[in-house]
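>>> Sequence plus predicted model, see below.
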Amino acid sequence: MSALTSAQKLEYCLTCTKRRVTFKEGTICSLTNKKPEFETSCPFYEMDEQAYHERVEQMKLREARDLAEATGGLSEYGIKDPKIAGFVLIGISLAGSLFLFVVAQRVSLFLCVMFVVGLLVLAGIIRPKKE
């Protein structure tokens with residue numbers, strides 16, 4: 001097993017009962033008073049169940065937020081693929097604009113913005129953040 005990165009070690013520490021947070025150094029070990037120095041796993045690690053579940057919940061919320069952003073909000077309606085979301089947004093905006101123009105001879109700023117968001121989603125400019 002290869003050595004963990006600093007970020008991966010910090011993930012370990014964030015769910016350990018022996019973590020301590022200082023203003024100067026951030027999260028450190030309360031036993032060594034240092035940042036993590038282990039390579040693959042910490043011999044002192046004890047899981048803090050509450051912190052672990054909170055961390056998992058934060059990660060799920062972040063993933064859901066990133067997916068909602070990448071799909072223009074359509075992930076809430078079951079559309080998880082950004083390309084399909086882009087086509088749906090463009091289709092709705094074009095159909096809505098055509099209907100509004102034919103019926104009332106008007107143009108909607110909202111539908112124009114929806115069209116642009118659809119293009120951005122389709123082009124991949126709006127996409128989930130990778131960590």
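Thanks, I have it. Numbering: from 1, shown residues only.
>>> mind listing the strands for this protein?
Taking DSSP state E to define them, one finds strands in the chain at 19-22, 26-29.
>>> elements contacting the first one?
If contacts are counted by 3 or more C-beta pairs under 8 Å, 6 or more residues apart in numbering; DSSP states H and E, strand 19-22 sits against strand 26-29. For the C-beta atoms, the positions are set from N, CA and C on the backbone; glycine is no exception.
>>> same for the strand it packs on, what does it pack against?
helix 6-14, strand 19-22.
>>> Residue 121 contacts residue 71, doesn't it?
Yes. Taking contact to mean C-beta atoms under 8 Å, the distance of 6.5 Å between residue 121 and residue 71 places them in contact.
>>> all helices for the chain, in order.
Secondary structure of the chain, counting by DSSP state H: helices at 6-14, 49-70, 82-104, 109-123.
>>> can I see the domain layout of this protein?
Following automatic domain parsing, the chain resolves into domains at 6-47, 70-123.
>>> So for the shortest one, mean pLDDT?
Model confidence over domain 6-47, given as mean pLDDT, is 89.
>>> can you give me how far it is from the chain middle?
Here domain 6-47 shows a centroid-to-chain-centroid distance of 24 Å under the convention C-alpha atoms, centre = their mean, to the nearest Å.
>>> so what's residue 17 up against?
For residue 17, the contact set (C-beta atoms under 8 Å, 6 or more residues apart in numbering) comprises 46, 47, 48.
>>> partners of the second one in the sheet?
If I follow you right, that is residue 47. residue 16 (DSSP bridges).
>>> if I look at it, how far off is residue 34?
When C-beta to C-beta, to the nearest Å is applied, the distance between residue 47 and residue 34 equals 20 Å.
>>> a markdown table for the domains of the chain, including distance to residue 56?
Formatted as a markdown table, the entries for the domains of the chain read as follows, by distance: least, C-beta to C-beta, whole Å:
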| stretch | distance to residue 56 |
| --- | --- |
| domain 6-47 | 9 |
| domain 70-123 | 19 |
